[in-house]
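# 3D, please:
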Amino acid sequence: MTTGAAGGRPATALDEVARVLSGGHAFLLPLHEAPDGDTLGSTLALALCLERAGKSAVVASPDAVPPAYRFLPGSDAVRGWGDVGGGFDAAVFVDCGDMDRAGGGDVRPRCRVVVNIDHHPTNPRFGDINLVDPGAAAAGEIVAQALDRLGWPIDPAVATCLYVALLTDTGSFRYSNTTAAALRLAARLVDAGASPTAIAGAVYENQSPAHMGLVGRALLALRVSPGGRAAWMLLGREDFLAAGATEDDTEGVVNYTRMIRGVEVGLLLREDATGGVRVSLRSRQTVDVGLLAAEFGGGGHPRAAGVHLRAITLNEAESLVLARVLAAVGEGAPGGAAGNAAGDAAGGAPAGGRDGR
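Below is the predicted model of the structure:
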């Protein structure tokens with residue numbers, strides 16, 4: 001959306017977002033499903049600032065806040081969709097690669113304007129106002145720009161939320177999206193009161209026994225392709241039951257695949273309670289897993305992406321996705337038989353992991 005602005009210059013999307021945030025009084029802030037550190041940190045930071053400006057901000061989520069992020073200021077006020085009414089001036093989606101990931105069908109009737117703030121390259125620009133910057137390290141970086149445009153201060157609580165957004169989406173400032181701008185913002189947030197030690201401890205060193213049990217079972221199921229360019233792990237419902245784990249406990253498990261020397265793409269495939277399979281993908285340098293996930297109806301970033309495959313078994317999902325991944329890393333098995341590659345990598349074990357899934 002581009003309209004006139006003060007001084008006769010065209011309004012940018014950032015101008016338009018600032019206008020909506022400053023002019024409105026009641027806001028709906030949807031989180032995407034399986035909320036992560038960026039959508040939570042960015043959205044909660046914005047909600048805190050709206051409330052301190054005398055406005056109403058309702059944060060709604062299709063899923064519960066994961067335990068690792070329940071220390072965030074304002075996280076205890078996140079509502080389920082059943083507790084959300086209507087009559088909002090605007091709905092502001094932050095870090096939502098598409099509207100459906102955040103209960104999009106429930107949003108339009110509840111608000112006048114939809115604002116879309118994101119950094120996913122695959123974002124379809126679903127908002128009435130779209131502030132999408134694929135060059136941003138995290139959506140939190142864009143929210144910080146909006147707060148600056150409005151002249152709204154960043155206090156310790158807001159700084160903590162935005163720091164979590166940056167920390168988690170850059171892989172603790174290790175991924176290729178760790179730019180100088182992201183590091184400058186991180187330093188500014190520390191100056192504003194964010195504690196790197198306390199935040200890292202809460203996010204990364206506060207795991208449940210169930211999470212560690214799930215990690216152990218995933219590592220036992222680890223497979224590496226014959227050429228060493230791909231690695232993957234499988235988790236079936238029996239693994240969740242044995243570990244006493246839930247979907248919340250899967251956060252970060254996929255990253256173990258990318259720790260293996262020579263691996264370009266790592267995957268975690270896990271059965272969910274609805275009869276589908278959730279696939280997390282990570283890449284090191286050359287393969288854009290965001291585009292790869294989009295081929296299956298998912299999306300994300302070049303180095304981190306995901307897809308939810310519905311009405312499919314774990315074996316079927318493994319064969320389907322792994323064939324595409326092996327082709328992407330230059331290891332396509334003869335005849336596209338990804339399952340054969342999986343079996344060869346496991347020393348002749350059947351594709352699908354230790355339980356023959």
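
# just confirm residue 193 is within a strand.
No: counting by DSSP: H, G, I helix; E, B strand; the rest coil, residue 193 falls outside a strand, being coil.

# count the residues that sit near the residue nearest to it when sequence neighbours are not counted.
Nearest non-adjacent residue to residue 193, counting by C-beta to C-beta, 6 or more residues apart in numbering: residue 156, 2.8 Å away. C-beta here means a position set from N, CA and C on the backbone, and glycine is covered the same way. Neighbour count of residue 156, defined by other C-beta atoms under 10 Å: 13.

# go on, residue 316?
13.

# mind checking the SS state of it?
helix.

# and residue 29, by the same measure?
Assignment for residue 29 (three-state DSSP): strand.

# bridged to it, which residues?
residue 59 (DSSP bridges).

# just checking, it touches residue 92?
Yes: with contact defined as C-beta atoms under 8 Å, residue 29 counts as touching residue 92 (5.3 Å).

# higher neighbour count, those two?
Ranked by neighbour count (other C-beta under 10 Å), residue 29 and residue 92 place residue 92 first, with 32 against 25.

# that's a strand at the more buried one, yeah?
Yes: according to three-state DSSP, residue 92 belongs to a strand.

# residues contacting it?
Residue 92 makes contacts with 20-21, 27-29, 43, 46, 115, 117, as judged by C-beta atoms under 8 Å, 6 or more residues apart in numbering.

# repeat the analysis, applying 6 Å as the threshold.
Shown in contact with residue 92 (C-beta atoms under 6 Å, 6 or more residues apart in numbering): 27, 29, 115.

# state the distance from it to residue 227.
Remark: distance between residue 92 and residue 227 (C-beta to C-beta, to the nearest Å) = 45 Å.

# count the residues that sit near the nearest residue in space to residue 222 that is not next to it in sequence.
Nearest residue to residue 222, sequence neighbours excluded (C-beta to C-beta, 6+ apart): residue 233, at 5.2 Å. Here the count is done by other C-beta under 10 Å, and residue 233 has 24 residues near it.

# right, and residue 233 touches residue 268 too?
Yes: the pair residue 233 / residue 268 is scored as a contact, 5.2 Å apart, by C-beta atoms under 6 Å.

# quick one: the helices in the stretch 251-357 of the chain, in order.
Secondary structure of the stretch 251-357 of the chain (DSSP state H, counting those that start in this stretch): helices at 289-294, 314-328, 338-345.

# brain fart, the stretch 101-250 of the chain
So, for the stretch 101-250 of the chain - with DSSP H, counting those that start in this stretch - the helices run 139-150, 156-169, 180-191, 196-204, 209-220, 237-243.

# report the buried residues of the first one.
Applying a neighbour-count criterion of 16 or more other C-beta atoms under 10 Å, the buried positions in helix 139-150 are 139-147, 149-150.

# okay, domains of the chain per the record?
6-204, 210-345 (automatic domain parsing).

# out of these, which gets the lowest mean score?
Here the domains of the chain differ in mean pLDDT, and the lowest is domain 210-345 at a mean of 89.

# and that one, how far out from the chain's middle?
What separates the centre of domain 210-345 from the centre of its chain is 16 Å, taken as C-alpha atoms, centre = their mean, to the nearest Å.

# about what we covered before: name the nearest of the buried residues of helix 139-150 relative to residue 275.
Distance ranking of those against residue 275, using C-beta to C-beta, places residue 139 first at 30.9 Å.

# how much space is there between the closest residue to residue 83 other than its chain neighbours and residue 286?
In space, and not counting its chain neighbours, residue 83 is closest to residue 60: 7.8 Å by C-beta to C-beta, 6+ apart. Using C-beta to C-beta, we find residue 60 at a distance of 38 Å from residue 286.

# so which of those two has more stuff around it?
Using other C-beta under 10 Å as the criterion, residue 60 and residue 286 rank with residue 60 on top: 22 against 12.

# do I have it right that the more buried one meets residue 79?
Yes: with contact defined as C-beta under 6 Å, residue 60 reaches residue 79; the gap is 5.2 Å.

# find the residues that touch each one of the two.
In contact with both residue 60 and residue 79: no residue, using C-beta under 6 Å, 6+ apart.

# list the contacts for residue 300?
Contacts of residue 300 by C-beta under 6 Å, 6+ apart are 290, 293, 306.

# mind checking how far it is from residue 147?
Going from residue 300 to residue 147 by C-beta to C-beta gives 25 Å.

# before we move on, what about residue 293?
31 Å.

# next one: residue 185
11 Å.

# which neighbours do the two share?
What both residue 185 and residue 147 touch, as defined by C-beta under 6 Å, 6+ apart, is an empty set.

# could you look up the SS state of the closest residue in space to residue 150 that isn't next to it in sequence?
Take residue 150 and drop its neighbours on the chain: the residue closest to it by C-beta to C-beta, 6+ apart is residue 18, 5.1 Å away. Going by three-state DSSP, the secondary structure assigned to residue 18 is helix.

# ok, residue 18 touching residue 147?
No: assessed by C-beta under 6 Å, residue 18 is found out of contact with residue 147, at 9.1 Å.

# so residue 115 touches residue 130, yeah?
No: Residue 115 lies out of contact with residue 130 (C-beta under 6 Å); the separation is 8.1 Å.
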